[in-house]
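Asks: give me the fold of what follows.
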Amino acid sequence: MAKTVLTSWMGKIRGWRSDVWSFLNNIETYVGDNHTELLTRLAAVLEAVELLVAEDSKTYNIRIAVVDKQYPQVLPNGTKAFDLKTVDGTAIRWAFESGRVANAAGVPVRPYNTLAANESYSKENLDFVGKTIYVACSTDTPMIELICYI
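Replies: Numbers count the residues shown, from 1 in each chain. All right, here's what the predicted structure looks like:
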């Protein structure tokens, strides 16, 4: 049964995971005939990994038109990873909580994250639902590029 479950599951994946399938398909070579429990556990682990693999992406260009003003961007449900950078290399502030990067008076309130000049930020292994990112900048009016992997 475990091999049937694993076979149907493996049919959904591609890329580097085909090497894993090759290993699992020839598991008898490595562990002998008593491998049902191992296959069941490996199938569960690989299914958990599959939940973290993005299949699509969505790019957002966020223009900061006013310094020290908070700009929100709702992330797509199911976001598994994201990349954040400014097109011109300007430093920015970002957070997942409203009012952190710039409150009503335009003042940042810690804690928030800083993306340094000419840097980018990437985060993986996420599963966001109903999440909004907030960005602001004190020195310029940059274009922010946000790529969400769904």
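Asks: going forward, measure contacts between C-alpha atoms and count neighbours the same way
Replies: Fine.
Asks: quick check: which element contains residue 38?
Replies: According to DSSP states H and E, residue 38 maps onto helix 36-50.
Asks: try residue 114
Replies: Taking DSSP H and E as the criterion, residue 114 maps to strand 113-115.
Asks: just checking, what packs against that strand?
Replies: For strand 113-115, the contact count by 3 or more C-alpha pairs under 8 Å, 6 or more residues apart in numbering; DSSP states H and E identifies strand 92-95 as packing neighbours.
Asks: mind listing the strands for this protein?
Replies: Ranges of strands within the chain are 57-63, 71-74, 81-86, 92-95, 113-115, 120-123, 132-136, 143-149, based on DSSP state E.
Asks: and those strands as TSV, adding distance to residue 106, mean pLDDT and mean neighbour count?
Replies: Listed next are the strands of the chain as TSV, based on distance: least, C-alpha to C-alpha, whole Å; pLDDT from 0 to 100; neighbours: other C-alpha atoms under 10 Å:
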stretch	distance to residue 106	mean pLDDT	mean neighbour count
strand 57-63	17	96	14
strand 71-74	11	98	16
strand 81-86	20	96	20
strand 92-95	12	98	22
strand 113-115	16	97	17
strand 120-123	24	96	12
strand 132-136	9	98	22
strand 143-149	19	96	20
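Asks: so which of those is nearest residue 105?
Replies: Judged by C-alpha to C-alpha, the one of the strands of the chain that comes nearest to residue 105 is strand 132-136, at 12.8 Å.
Asks: residues touching that closest one, excluding its own?
Replies: Applying C-alpha atoms under 8 Å, 6 or more residues apart in numbering, the contact partners of strand 132-136 are 64, 67-75, 92-98, 101-102.
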